[in-house]
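> sequence and predicted structure, then a few things I'm wondering about:
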2 protein chains.
Amino acid sequence: MSPVRNARVVYKEVPEGFPIPGKTFVYDDSQTIDLENVPLNGGVLFKVLVVSVDPYMRRKMQDPSVDFHLGLFKVGEPLYNFSVSKVVRSENPALKEGDHIYGVFRQTAHHAWMEYAHPYSKKGDVAFVTAASGAVGAIVVQLAKADGLKVIASAGSDEKCEFVRSLGADVVFNYKTTSTREVLKKEGPVQMYAQRLAFPRSPTRSYWDNVGGESLDAALEWAAQKAHFVICGMISNYNTGEPYNVKNLQQVVWREITFHGFLVTSLWPKYDEEFNRMFPPRVASGELKYKDDLVRGLENAGQALVNVLSGTNFGKCSVVVADE
Amino acid sequence: MSPVRNARVVYKEVPEGFPIPGKTFVYDDSQTIDLENVPLNGGVLFKVLVVSVDPYMRRKMQDPSVDFHLGLFKVGEPLYNFSVSKVVRSENPALKEGDHIYGVFRQTAHHAWMEYAHPYSKKGDVAFVTAASGAVGAIVVQLAKADGLKVIASAGSDEKCEFVRSLGADVVFNYKTTSTREVLKKEGPVQMYAQRLAFPRSPTRSYWDNVGGESLDAALEWAAQKAHFVICGMISNYNTGEPYNVKNLQQVVWREITFHGFLVTSLWPKYDEEFNRMFPPRVASGELKYKDDLVRGLENAGQALVNVLSGTNFGKCSVVVADE
C-alpha cells in the first residue's frame, strides 16, 4: 500500500478578534504517511474519524506569554482537539486494530450540573440557561427539567428556540429579538443560572458582542437570594477591545450569590465513572436529546470553528474527517 | 425626674453619591422623653451607649423601589444600627434595669472565614486581604495567619499599614502609592481573596473611586487555580455613575474561581454560638487585636458615616452616645 494523505490544519498566527481561516490557520494536505511502515516504537497509529469543534479552542490561540491551564496551541504546529479515532496499527497490547477510542464532550453539562447545580436545586426553583440549543445548554435544560425545575432558556434564532422547546424548557426566547431583562423580570427570580461566560468583541457582529455580559447582567439583576451561577468553561474570548462592563456585579453580595467557575477537566476524576455508566444509555434510548451539527471534510474545520465562535452553528459541532 | 433629651439622626432624602450631613440626614435633639413615665406596654426602655457605623448603611439609603434584603431606611424616620445599650426600665422579665445588650459586628470576619475560607485553606496558601486595617479586614488577617497562610494585605495609609504589619501580615502595602498588580505578580498567585466588593464613584475622591474594582481585577489577574474569593457584605455603593469595569472576570472560568457572596445575617444561625463562646476571650486576652475608631456625640454620627464610606476612618468606627 502506497503512502496516503496525512492532512492537518496548521496554526499560523495568533488572531486578533475572530480567527480567519487561511490566515490564522491553513489546511495543509501536502504530507503523506506510509501506514504499513511508519515506525510505532511501541505506540499506536490512529485514523481520526470525527473531531470535536469547541469554543474553548480560541482560548488556546494567544500570545505565548499568556498562562493557560490547558496549554496553548503552538504556531507552526497542527490544531488538535478531542476526537473519535480508529486504531490502524498497534504495538500496544491494550489496543488492537479496528478499536475505536473517543473523548466525550457532552459530559461538561452532566458533570457541572451534578457538582454545582443539583445539590442546590429544589423542585420549583427557576433555572436560566443561555445558549440552550448548544452542545452544553441542551443537556443542561434536560437535566434541570429532570430535577423538577422551571427552565427559562435563551437561544439565538427562532429555529433554535423551537428545538429548545422540544427539550421541555418552560419559557424559551430569542435573545436577539426579546429583552432578557424583561423575560427574567416576569418569569424570575432566578435561583440557578448556567451560561458560557462570554465577553467577545467584534465590530462586525454586534448581536453577538454583548450577549454573554448582557445575559449575566440581567441574571444578576433578577437573581434570587442565594442563587448559584454556574459559569461554564467554554467561552468565546477575544484579546482585543474592552470587555463588556458588567454593571450588576455588586448583586453577588446583596443577593448572596455563589459563582462556580470551572473547567470540566477538574471534574473528570469525580464524575467520569458515573457518566460513562449512566449517560450513553439515556442518549441511545432517546430519553436525552441533542443536536449534532456535522461538517464534512477536514478542509472545512477552520470555518467550522469560526461558526462555533460566532454562534452560527446549531448544535454540537464536529468535523467528519472520514467515515471509516 | 423631668423629661430628658431624646436625640435622633433623621434620614431626610435619598443621597446621590456620598451622603451629606445636614442634607441627607440631620441631627435632631428637639424631642424629649420622660424616662419614668413613658408607657412600656410590656416592653423595655433602652439607653443607647454606643452605635456601630458601617458601610452597608449606605445601601439602605436608596429609592424605595429598590428591593434590599435587609430593608431600607425610611425618609423622615431615624437612622438605626447595631448598638450597645443599657436597660433603663423593663416590663419584660428577661431583662432588668442596668442590663447591657449588644449586637456584635466583628463576627462578619469570623463567620465568613469559617464558612468560605477555612475549609479551602492549607498551610502556605496565599491570602490577599484588602481594607486590612478595618473592622473586618484586621480580624481576617489574624485568622488567616492562625491558619498558616501567607498574608498579603493592603490599606490606604502608611499609618494603617503599620498597624496591619503589627497584626502579623507578611506583605503589607499602601494601595494608593503601590501597584496592587505588581505586588500580586511578585507575591502571588492568590489562593484566597477577601474584600469588600466596592465600586464607588465620586468625582472628588479619585483615590477611592476604583479601589474595589481595581483590587478585584488585580486579584483575578493573579489568582491561583481554584482560588476562593470571599466577597464581604459590607460595601460602599453609589447609585450614580457607571460602576468600575472589571476586565478580568473571565478568569472566573479559566482559573476555576469560586465567588462567595454573602451577608453575615445568613451565617448567624450557624456560627453565633461558637463565636460567642470562643471570640470574646481571645479579644480580651489580647490574642486578637483590633482598632477602635470612637467618635463622641450622636451629633457627629453623620460625619462618622461619611468617613467610613470614604475610608478616612481608621479601625472599627462607633459613635459613643453616652458613657453610662
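Yes, it's here.
> hey, which helix or strand in chain A has the poorest pLDDT?
Scoring the helices and strands of chain A by mean pLDDT, DSSP states H and E places helix A:206-209 at the bottom, with a mean of 32.
> once you drop chain neighbours, what's closest to residue A:137?
Nearest residue to residue A:137, sequence neighbours excluded (CB to CB, 6 or more residues apart in numbering or on different chains): residue A:131, at 4.5 Å. C-beta: built from backbone N, CA, C; applies to glycine.
> how about that neighbour, phi and psi?
As for residue A:131, its main-chain torsions (degrees, to the nearest 10) stand at phi 50, psi 50.
> so it touches residue A:155, yeah?
Yes - taking CB atoms under 8 Å as the definition, residue A:131 is a contact partner of residue A:155 at 7.0 Å.
> a helix runs through residue A:224, doesn't it?
No - the assignment for residue A:224 (DSSP: H, G, I helix; E, B strand; the rest coil) gives strand, which keeps it out of a helix.
> pull up the gap between it and residue A:257, please.
When distances are taken as CB to CB, to the nearest Å, residue A:224 and residue A:257 turn out to be 9 Å apart.
> tell me which of the two has more neighbours.
residue A:257 (25 against 17; other CB atoms under 10 Å in any protein chain shown).
> ok, the more buried one - contacts?
For residue A:257, the residues meeting the contact criterion (CB atoms under 8 Å, 6 or more residues apart in numbering or on different chains) are A:220, A:223, A:226, A:227, A:228, A:229, A:251, B:259, B:261.
> render the CA-only coordinates of stretch A:101-114 in PDB, please.
Coordinates of each C-alpha in stretch A:101-114 appear next as PDB, following Å, rounded to 0.1, in the frame of the first residue of the first chain:
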ATOM      1  CA  ILE A 101     -11.300   5.400  21.000                       C
ATOM      2  CA  TYR A 102     -13.000   8.600  21.900                       C
ATOM      3  CA  GLY A 103     -13.200  11.700  24.100                       C
ATOM      4  CA  VAL A 104     -16.700  12.700  25.100                       C
ATOM      5  CA  PHE A 105     -17.700  16.300  25.400                       C
ATOM      6  CA  ARG A 106     -21.200  16.300  26.500                       C
ATOM      7  CA  GLN A 107     -20.000  15.400  30.000                       C
ATOM      8  CA  THR A 108     -19.400  19.200  30.600                       C
ATOM      9  CA  ALA A 109     -23.100  19.600  31.200                       C
ATOM     10  CA  HIS A 110     -23.500  16.500  33.200                       C
ATOM     11  CA  HIS A 111     -20.500  16.900  35.500                       C
ATOM     12  CA  ALA A 112     -21.200  20.600  36.200                       C
ATOM     13  CA  TRP A 113     -24.800  20.100  36.800                       C
ATOM     14  CA  MET A 114     -24.100  17.300  39.300                       C
END
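> for it, which outside residues touch it?
By CB under 8 Å, 6+ apart, the list of residues contacting stretch A:101-114 from outside reads A:46, A:52, A:54, A:82-85, A:87, A:95, A:135-140, A:143-144, A:194, A:230, A:232-234, A:260, A:262, A:264, A:267-268, A:270-272, A:274-276, A:279, A:283, A:290, A:316.
> got the buried residues for stretch A:75-83?
Taking 16 or more other CB atoms under 10 Å in any protein chain shown as the basis for neighbour counts, the residues of stretch A:75-83 that come out buried are A:79, A:81, A:83.
> now do it: distance to the chain's middle.
On the basis of CA atoms, centre = their mean, to the nearest Å, stretch A:75-83 is displaced by 17 Å from the centre of the chain it belongs to.
> helix, strand or coil for the residue of the stretch 101-250 of chain A found nearest chain B?
Relative to chain B, the nearest point of the stretch 101-250 of chain A is residue A:245 (4.1 Å; CB to the nearest CB). For residue A:245, the secondary structure call by three-state DSSP comes out as coil.
> against residue A:309, how distant is the nearest residue to residue A:303 once chain neighbours are set aside?
On the basis of CB to CB, 6+ apart, the spatially nearest residue to residue A:303 that is not a chain neighbour turns out to be residue A:21, at 5.3 Å. Using CB to CB, one gets 12 Å for the distance from residue A:21 to residue A:309.
> again, but for residue A:100
With distances taken as CB to CB, residue A:100 is found 29 Å from residue A:309.
> so which of the two has more stuff around it?
Neighbour comparison, residue A:100 and residue A:309: the larger count goes to residue A:309, with 26 against 11 (by other CB under 10 Å).
> now the closest residue to residue A:148 other than its chain neighbours: which helix or strand?
Residue nearest to residue A:148 in three dimensions, not counting chain neighbours: residue A:123, with 3.5 Å by CB to CB, 6+ apart. Assignment of secondary structure by DSSP states H and E places residue A:123 within no helix or strand.
> surely residue A:322 is in a strand?
No - counting by three-state DSSP, one finds residue A:322 to be coil, located in no strand.
> sec struct for the residue lying closest to it once chain neighbours are set aside, please.
Among residues not flanking residue A:322 along the chain, residue A:49 sits closest, at 5.3 Å (CB to CB, 6+ apart). When classified by three-state DSSP, residue A:49 comes out as strand.
> what residues are up against the residue nearest to residue A:148?
If you count contacts by CB under 8 Å, 6+ apart, residue A:123 has them with A:147, A:148, A:149.
> count of neighbours near the closest residue to residue A:262 other than its chain neighbours?
Of all residues not flanking residue A:262 in the chain, residue B:256 sits nearest, at 5.1 Å (CB to CB, 6+ apart). Close neighbours of residue B:256, defined as other CB under 10 Å, add up to 22.
> got it, and residue A:34?
The number of residues packed around residue A:34, counting by other CB under 10 Å, is 12.
> hang on, it packs against residue A:6?
No - contact status for residue A:34 versus residue A:6: not in contact, 9.5 Å apart, counting by CB under 8 Å.
> so the residue nearest to residue A:262 sits right up against residue B:226, yeah?
Yes - in this structure residue B:256 lies within contact range of residue B:226 using CB under 8 Å: 4.8 Å.
> next, show the common contact partners of those two.
residue A:266.
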